[in-house]
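> just the structure for this:
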Amino acid sequence: MCNDFPIVRSAEVCTPAKSNGFLHFAIFVFSLTFLFYVSTAHAAPQSVVGWGIDGVTNIDHLGANISKVAGGSFHVAAIENNGTVASWGWDGFGQTNVPRDLGPCSQIALGWLHSIALGTNGSVRCWGVTSSVPATLGSCIAVAEGEQHSIALQSDGIVVCWRGNSFGQSNVPLTLAPCTGIAGGGDHTVVLTNVGAVVCWGRNLSGECNVPANIGVATAVAAGRFHSLALRINGTVGCWGSNQYGQIVVPPTLGVCTKIAGGGNNSAAIQSDGNVVVWGGMNETPQLGPCIEVACGNDFTIVVTTDHRAIKFNGATRDTTGMPIEMGTVISVAAGDWHTTARREDGHVISWGDNSFGQCDVPPELGACSKIAAGAFHSLAISAGGVVACWGDDSHSQVTMPIDLGPCIDIAAGWYHSAAVQSDWRVVCWGEDGAGQSSVPANIGACTRVAAGGGHTLAIQADGTVAAWGNNFDDNGYTGQIDVPQKLGACFAIAAGGYHSLALRLNGTAVGWGSNRYLCSSSGCSPTNQATIPENLGACTQIAASDYSSIALQVDGTVVCWGVAESGQTRPPVDLGACTQISASGERSVAVRAVQVACPADIDHDGIVAGLDLSIILAGWGGNGPADIDHNGIANGLDLAILLSGWGACQN
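As a prediction, this is how the structure comes out:
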């Protein structure tokens with residue numbers, strides 16, 4: 001909030017009305033122009049969508065409605081009660097980009113860089129490193145994945161394997177009897193025949209294909225990277241293969257079980273009482289309560305509880321996957337390296353994802369907030385009266401605020417430092433200062449906005465010019481992220497990446513400078529383009545930067561990404577649609593998706609945009625109540641522009 005000053009905001013820029021009349025007017029005119037342009041498609045924020053590493057692709061509404069889960073090497077998937085597939089995690093080869101035309105599914109399986117799903121109609125779909133499925137594959141009842149091969153069980157009991165076959169893992173024995181169950185290990189295949197016999201083939205590095213004689217009749221099979229499991233008819237579990245992490249030593253206290261799973265170096269089972277037991281690598285289990293499904297990934301376990309919530313954990317560290325069930329309407333998001341913080345319509349802050357440093361532990365006393373920010377492993381928020389709250393990683397004192405920090409109007413979080421603009425327009429920084437990123441230059445004047453990157457800081461001064469300080473190099477030499485272009489001109493938005501910087505001029509054009517390289521070695525660096533603006537990028541309202549990539553929100557609500565795509569962070573879902581806010585960090589991108597609102601300016605819902613609605617805006621000017629039509633935290637010129645563009649009777 002901007003305290004006593006009426007303001008005009010564009011992309012959450014806070015500009016004092018009395019600081020510079022020309023800049024104030026210019027920003028207002030630009031805001032008015034682009035809002036008239038999109039007035040017929042105005043949308044209210046609703047759901048959060050993420051992509052890239054540990055993203056939440058196609059998981060807008062994942063909550064207490066999960067029926068199945070699966071774990072891959074570095075990604076996760078779930079099936080909702082209605083058969084919809086959701087996936088998140090590392091997306092370097094599109095393995096979490098669920099096909100938009102995928103119908104309802106009954107089973108999902110994940111490999112290293114690949115995903116496979118079984119439709120309720122018996123069809124099989126694949127995506128990731130390849131989408132190939134054998135043309136002769138019949139109707140199926142089960143699917144499974146190894147690290148590099150795919151397996152399907154047809155309704156006639158025939159097992160079909162394809163893709164990787166370096167160790168014979170796809171060579172189905174010619175004499176194999178009809179089967180009822182399948183599983184894929186690292187480079188081996190495990191099946192269950194119709195008489196309960198367990199058969200294995202493929203790589204046998206650690207004896208993972210040597211089925212013990214005492215397995216007897218089984219009812220289910222599972223496989224890890226170098227080990228195999230079977231569930232006997234009496235409910236006991238048998239394991240064989242590698243025991244490097246104790247993954248084949250069944251706990252002596254394990255009771256009668258109903259389901260089993262194998263992961264990279266761990267094993268898991270659900271007992272008849274619903275309790276989950278994990279052994280091998282990451283063998284501690286948090287308090288979960290009764291569960292109905294279990295799956296293992298490379299170094300994690302994921303379960304479905306009896307109330308249909310998905311919970312992923314690594315040892316005793318619990319992480320509820322996806323987004324909070326009681327999310328409400330989200331207005332803005334801030335992406336950290338492995339966590340996401342969001343601000344709801346009522347101003348309250350929620351957070352999810354990795355919580356290793358407490359970065360998702362929103363202070364319980366934190367009330368409604370006007371802004372949020374997320375660093376690598378910490379979070380910030382501005383609450384009532386401009387008070388700043390910080391939580392999470394404090395290894396470089398990035399959450400230890402200066403004791404004399406006054407009320408603030410803007411905040412930013414970098415890798416290991418934090419920045420804020422006080423209500424007196426002074427920039428204050430704290431945290432890591434090895435490159436001078438937290439030492440505000442003496443010649444920096446009154447500012448309206450601040451951004452924090454890997455080791456540098458940006459600010460927009462009262463006249464719209466951009467100032468920069470801090471690190472100007474990477475590990476391989478000069479990069480120039482603080483060398484602001486001389487002809488940049490006045491700007492209304494800025495973003496700081498790992499080693500590059502971005503800004504939006506008053507006309508919405510984007511400008512970038514700094515590093516355009518990645519993964520340097522003795523033989524040179526990989527060229528990238530995170531600081532080079534795409535030629536076809538139109539006028540934008542928001543800009544964001546992660547370590548080695550960039551993201552922009554165009555005036556029509558479309559999202560454009562560029563830069564390093566190794567983890568899929570520059571490949572938004574094809575059905576993303578119009579968005580209202582963006583953020584990025586590390587190897588992740590996040591956006592708030594919009595839903596269409598037929599008549600957003602009809603504040604009093606009487607079917608016409610008229611004087612009463614105008615009165616509501618004027619009465620609520622500067623607040624964040626009903627007059628805040630665009631939900632950006634304050635009623636101002638942007639809301640007035642929406643109202644004027646929609647003047648008259650609402651169109652159904």
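> got the CA positions of stretch 368-376 in CSV?
Taking C-alpha atoms only, stretch 368-376 is exported to CSV below (Å, rounded to 0.1, in the frame of the first residue of the first chain):
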residue,chain,number,x,y,z
ALA,A,368,-4.0,-9.4,4.8
CYS,A,369,-1.1,-8.3,2.5
SER,A,370,-0.7,-6.0,-0.4
LYS,A,371,2.5,-7.6,-2.0
ILE,A,372,4.5,-10.8,-1.8
ALA,A,373,8.0,-11.8,-3.0
ALA,A,374,10.0,-15.1,-3.0
GLY,A,375,13.7,-15.6,-3.1
ALA,A,376,15.6,-18.9,-3.7
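> buried sites along that stretch?
For stretch 368-376, the neighbour count (16 or more other C-beta atoms under 10 Å) marks 369-376 as buried. From N, CA and C alone the C-beta is placed, and that goes for glycine too.
> and stretch 561-581, how far from the chain's centre?
Distance of stretch 561-581 from its chain centroid, counting by C-alpha atoms, centre = their mean, to the nearest Å, is 11 Å.
> one more: stretch 331-346?
On C-alpha atoms, centre = their mean, the centre of stretch 331-346 falls 10 Å from the chain's centre.
> which of the buried residues of stretch 368-376 sit farthest apart?
Farthest pair in the buried residues of stretch 368-376 (C-beta to C-beta) is S370 and A376. Separation: 23.1 Å.
> low-confidence ranges, the stretch 501-650 of the chain, go.
Within the stretch 501-650 of the chain, the stretches with pLDDT under 70 are 595-598, 604-607, 624-625, 650.
> again with the chain
1-46, 53-64, 283-286, 315-327, 595-598, 604-607, 624-625, 650-652.
> S272: which of the buried residues of stretch 368-376 is nearest?
For those, the nearest to S272 is A374 (42.5 Å; C-beta to C-beta).
> can you name the residues that contact the closest one?
When contacts are counted by C-beta atoms under 8 Å, 6 or more residues apart in numbering, A374 is found next to 334-336, 339-341, 359, 380, 413, 583, 585.
> recalculate using a threshold of 7 Å.
334-336, 339, 341, 413, 585 (C-beta atoms under 7 Å, 6 or more residues apart in numbering).
> narrow those residues to those that are buried.
Buried subset of the contacts of A374 (neighbour count, 16+ other C-beta under 10 Å): 334-336, 339, 341, 413, 585.
> and the two most separated of the residues you listed?
Longest span within the buried ones among the contacts of A374, C-beta to C-beta: H339 and A413, 11.4 Å.
> just the helices in this structure please.
For the chain, the helices defined by DSSP state H occupy 21-37, 611-619, 637-645.
> quick check: S439 touching D433?
Yes. Counting by C-beta atoms under 7 Å, D433 is a contact partner of S439 at 5.8 Å.
> looking at these two, which is more packed in?
Ranked by neighbour count (other C-beta atoms under 10 Å), S439 and D433 place D433 first, with 16 against 12.
> kindly list the main-chain dihedrals of the more buried one?
Here is the backbone geometry of D433 (degrees, to the nearest 10): phi -140, psi 20.
> redo the buried residues of stretch 368-376 as JSON lines? Include distance to G274.
JSON lines is the format used below for the buried residues of stretch 368-376 (distance: C-beta to C-beta, whole Å):
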{"residue": "C369", "distance to G274": "39"}
{"residue": "S370", "distance to G274": "44"}
{"residue": "K371", "distance to G274": "43"}
{"residue": "I372", "distance to G274": "37"}
{"residue": "A373", "distance to G274": "41"}
{"residue": "A374", "distance to G274": "36"}
{"residue": "G375", "distance to G274": "39"}
{"residue": "A376", "distance to G274": "37"}
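> dump the buried ones among the contacts of A374 to a markdown table, plus distance to L640.
Below are the buried ones among the contacts of A374 laid out as a markdown table (distance: C-beta to C-beta, whole Å):
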| residue | distance to L640 |
| --- | --- |
| A334 | 27 |
| A335 | 31 |
| G336 | 34 |
| H339 | 36 |
| T341 | 30 |
| A413 | 31 |
| S585 | 33 |
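> how near is T258 to W279?
In this view, T258 and W279 are 17 Å apart by C-beta to C-beta, to the nearest Å.
> could you check which of those two has the larger neighbour count?
Ranked by neighbour count (other C-beta under 10 Å), T258 and W279 place W279 first, with 21 against 16.
> for beta bridges, what are the partners of that one?
With DSSP bridges applied, W279 shows beta-bridge pairing to S267.
> that one and G263: what is the separation?
Distance, W279 to G263, using C-beta to C-beta: 11 Å.
> all strands of the stretch 201-350 of the chain, in order?
Counting by DSSP state E, counting those that start in this stretch, the stretch 201-350 of the chain has these strands, from start to end: 218-223, 227-232, 237-241, 257-262, 266-271, 276-280, 291-296, 301-305, 310-314, 317-320, 330-335, 339-344, 349-353.
> do you know which of the ones you listed lies nearest N443?
Closest of those to N443 is strand 330-335, at 29.3 Å (criterion: C-beta to C-beta).
> now that closest one against strand 349-353, angle please.
40 degrees (axes from the mean of the first three to the mean of the last three C-alpha atoms, to 10 degrees).
> export strand 330-335 as PDB, just CAs?
C-alpha atoms of strand 330-335 as PDB (Å, rounded to 0.1, in the frame of the first residue of the first chain):
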ATOM      1  CA  VAL A 330      -5.500 -16.100  -6.200                       C
ATOM      2  CA  ILE A 331      -4.500 -12.600  -7.200                       C
ATOM      3  CA  SER A 332      -0.700 -12.900  -7.400                       C
ATOM      4  CA  VAL A 333       2.100 -15.400  -7.100                       C
ATOM      5  CA  ALA A 334       5.800 -15.400  -6.400                       C
ATOM      6  CA  ALA A 335       8.100 -18.200  -7.400                       C
END
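> direction included, what does that strand pair against?
Paired strands of strand 330-335, with direction, are strand 339-344 (antiparallel) (DSSP bridges).
> check what contacts the strand it pairs with and list those residues.
48, 50, 328-334, 349-355, 359-360, 369, 372, 374, 379, 590.
> for the closest residue to I608 other than its chain neighbours, the count of nearby residues, please.
Of all residues not flanking I608 in the chain, A649 sits nearest, at 5.0 Å (C-beta to C-beta, 6 or more residues apart in numbering). Counted with other C-beta under 10 Å, the neighbours of A649 add up to 12.
> walk me through the domains of the chain.
What the record gives for the chain is the domain set 15-49+323-596, 598-649, from automatic domain parsing.
> out of the ones you listed, deepest packed?
Greatest average neighbour count among the domains of the chain goes to domain 15-49+323-596 (a mean of 20), per mean count of other C-beta atoms under 10 Å.
> in stretch 242-257, what counts as buried?
Buried-residue list, stretch 242-257, by 16+ other C-beta under 10 Å: 242-243, 245-248, 250, 257.
> tell me how many other residues crowd G241.
Neighbour number of G241 under other C-beta under 10 Å is 26.
> so it makes contact with S206?
Yes. Between G241 and S206 there is a contact under C-beta under 7 Å: 4.9 Å.
> can you work out which residues contact both of these two?
Here G241 and S206 share the contacting residues 226-227, scored by C-beta under 7 Å, 6+ apart.
> distance of the spatially closest residue to L614 that is not a sequence neighbour from I292?
Distance criterion C-beta to C-beta, 6+ apart; nearest residue to L614, sequence neighbours excluded, is L643 at 6.3 Å. L643 is 50 Å from I292, where distance means C-beta to C-beta.
> just G50 next, same as before
For G50 relative to I292 (C-beta to C-beta), the value is 27 Å.
> which one's more surrounded, these two?
Legend: neighbour count by other C-beta under 10 Å for G50 and I292, higher for G50 (30 against 17).
> do I have it right that that one meets V592?
No. Using C-beta under 7 Å as the test, G50 is too far from V592 to be in contact (10.5 Å).
> partners of C369 in the sheet?
Assigned bridge partners for C369, using DSSP bridges, are S383.
> what sits against it?
Contacts of C369 by C-beta under 7 Å, 6+ apart are 343, 347, 349, 381-383.
> reformat these as JSON lines; add distance to K312.
Below are the contacts of C369 laid out as JSON lines (distance: C-beta to C-beta, whole Å):
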{"residue": "R343", "distance to K312": "24"}
{"residue": "G347", "distance to K312": "29"}
{"residue": "V349", "distance to K312": "22"}
{"residue": "A381", "distance to K312": "26"}
{"residue": "I382", "distance to K312": "31"}
{"residue": "S383", "distance to K312": "30"}
